[in-house]
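In: One predicted model, sequence on top.
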Amino acid sequence: MTLDFDISKMIDARQRIDPAFLGSPVLTDAALDAAIGCSVLAKAELANPIGCFKGRGADLFCSTALQARESVVCASAGNFGQGLAYATNRRGHACTVFAASQANPVKVEAMRRLGANVRLVGADFDAAKAAARDHAEQTGQRWVEDGAEAAIAEGAGTIALELIEATPFDVLVVPLGNGALLDGVGEVVRALAPQACIIAVVAANAPAMKLSLEAGRAVATEHADTIADGIAVRVPIPSTLGRLRACCDDVVAVSEDSLFEAMRLIHRTLRVVVEPAAAAGLAAMLAEPERYAGLRVATVLTGGNISPALRARLLAA
């Protein structure tokens with residue numbers, strides 16, 4: 001996938017993705033705007049069959065990149081695995097998902113309920129990913145790497161297409177994990193709303209993607225200890241970094257406290273429960289309010305598959 005944008009491909013993508021994942025609402029609230037000091041436009045990828053944005057890219061991938069009955073293997077913190085499980089199940093493919101031994105139990109159960117063979121291996125996502133890749137090589141099944149497949153990014157890009165059609169914005173603030181979301185929405189925004197600034201957000205406790213984009217090469221870290229499991233990357237995908245750097249104007253890191261405070265603010269004002277990675281954009285606004293003052297700032301609430309412990313903490317706050 002390159003930054004040579006082809007609108008016909010995006011239109012075709014929307015025709016191929018299960019409509020259940022399309023047309024997500026843009027949530028706004030005056031109290032939220034007042035708390036941040038800007039107009040917040042929150043594209044909420046919550047009310048769909050898997051409760052997150054990953055279904056868009058996974059369904060497009062399965063509809064365009066797989067042979068009939070082809071089996072797939074992936075690694076996931078939980079949301080991409082749900083998306084791939086959903087898409088493969090409805091299209092007649094077997095799906096094996098490797099996740100960390102301490103993965104969010106809500107996501108693990110959902111992947112199994114959607115038909116995936118879930119294997120819990122390793123201390124974190126990247127350890128599970130290494131095991132998944134080995135399994136795919138040993139069995140000859142199709143290895144699907146979230147962040148490296150063009151169709152997955154193109155599916156995510158439909159979020160930006162809908163956002164641009166719905167409302168103007170000055171800044172788009174995007175959670176950054178392995179990069180499929182930034183890749184997809186960045187390409188669309190660069191082509192159709194080039195005046196908008198794009199800010200990517202990582203967790204300060206999982207800085208590998210920020211370090212890598214700043215260094216211009218893959219920089220792995222020993223740990224990725226953050227409540228935001230959806231963006232807890234320790235080992236970046238080297239081949240994607242140049243493209244991702246072109247898709248954003250800056251990369252910022254947010255603290256664990258900012259992530260949780262953003263979750264609280266979203267719950268209080270927009271009246272939805274989101275997982276920590278989904279709150280990363282708002283956390284960035286909370287951390288640097290002067291940067292966004294008076295602007296129309298869009299972000300993506302990427303999912304609501306929160307762990308039971310975090311849900312209890314959030315609702316008690």
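Out: Looks like it came in fine. Note that the structure is a prediction, hence the values are computed from the model and not measured. Numbering: from 1, shown residues only.
In: When you work out contacts or count neighbours from here on, use the C-alpha atoms and nothing else.
Out: Noted.
In: What segments of the stretch 151-300 of the chain are strands?
Out: Here the stretch 151-300 of the chain has its strands, by DSSP state E, counting those that start in this stretch, at 171-175, 197-203, 250-254, 296-301.
In: Report the strands that pair with the first one, each with its relative direction.
Out: So that's strand 171-175. Each strand paired with strand 171-175, and its direction, by DSSP bridges: strand 197-203 (parallel), strand 296-301 (parallel).
In: Contacts for that strand next, please.
Out: Strand 171-175 has contacts (Cα atoms under 8 Å, 6 or more residues apart in numbering) with 181-182, 196-202, 231, 277-278, 280-282, 284, 295-300.
In: rewinding a little: so which of the strands paired with strand 171-175 comes closest to Arg56?
Out: Closest to Arg56 of the strands paired with strand 171-175 is strand 296-301 (Cα to Cα; 13.6 Å).
In: picking up where we left off before, going through the contacts of strand 171-175, which ones are buried?
Out: Among those, those buried by neighbour count (16 or more other Cα atoms under 10 Å) are 181-182, 196-202, 231, 277-278, 280-282, 284, 296-300.
In: what sits up against stretch 269-283?
Out: Residues outside stretch 269-283 that contact it (Cα under 8 Å, 6+ apart): 27-29, 31-32, 173-175, 201-203, 227-231, 254, 258-263, 266-267, 299-307.
In: and with 7 Å instead?
Out: Outside stretch 269-283, the residues within contact range by Cα atoms under 7 Å, 6 or more residues apart in numbering are 27, 29, 31-32, 173-175, 201, 227-231, 254, 258-260, 262-263, 266-267, 299-306.
In: mind putting the strands paired with strand 171-175 in CSV, mean pLDDT and distance to Ala166 included?
Out: Listed next are the strands paired with strand 171-175 as CSV, based on pLDDT from 0 to 100; distance: least, Cα to Cα, whole Å:
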stretch, mean pLDDT, distance to Ala166
strand 197-203, 98, 17
strand 296-301, 98, 11
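In: Kindly reformat the ones you listed as CSV containing distance to Gly51.
Out: Below are the strands paired with strand 171-175 laid out as CSV (distance: least, Cα to Cα, whole Å):
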stretch, distance to Gly51
strand 197-203, 21
strand 296-301, 10
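In: Identify whichever of those lies nearest to Pro19.
Out: Of the strands paired with strand 171-175, nearest to Pro19 by Cα to Cα is strand 296-301, at 18.4 Å.
In: Let me see the mean pLDDT of the very next helix or strand once past that closest one.
Out: Next along the chain after strand 296-301, taking DSSP states H and E as the criterion, comes helix 308-316. With pLDDT averaged residue by residue, helix 308-316 scores 94.
In: So Val202 sits against Ala253, correct?
Out: Yes: taking Cα atoms under 7 Å as the definition, Val202 is a contact partner of Ala253 at 4.8 Å.
In: Count the neighbours of Thr167 for me.
Out: 11 (other Cα atoms under 10 Å).
In: What pLDDT is listed against it?
Out: So, for Thr167, pLDDT stands at 97.
In: Cys74 in helix, strand or coil?
Out: Three-state call for Cys74 (DSSP: H, G, I helix; E, B strand; the rest coil): strand.
In: Give me the distance between it and Arg142.
Out: 9 Å (Cα to Cα, to the nearest Å).
In: With neighbour numbers in mind, choose between the two.
Out: A count of neighbours by other Cα under 10 Å puts Cys74 above the other of Cys74 and Arg142, at 27 against 17.
In: rewinding a little: Ile17 is nearest to which of the strands paired with strand 171-175?
Out: strand 296-301 (18.6 Å).
In: I'd like the distance from the closest one to the chain centre, please.
Out: Distance of strand 296-301 from the chain centroid (Cα atoms, centre = their mean, to the nearest Å) equals 13 Å.
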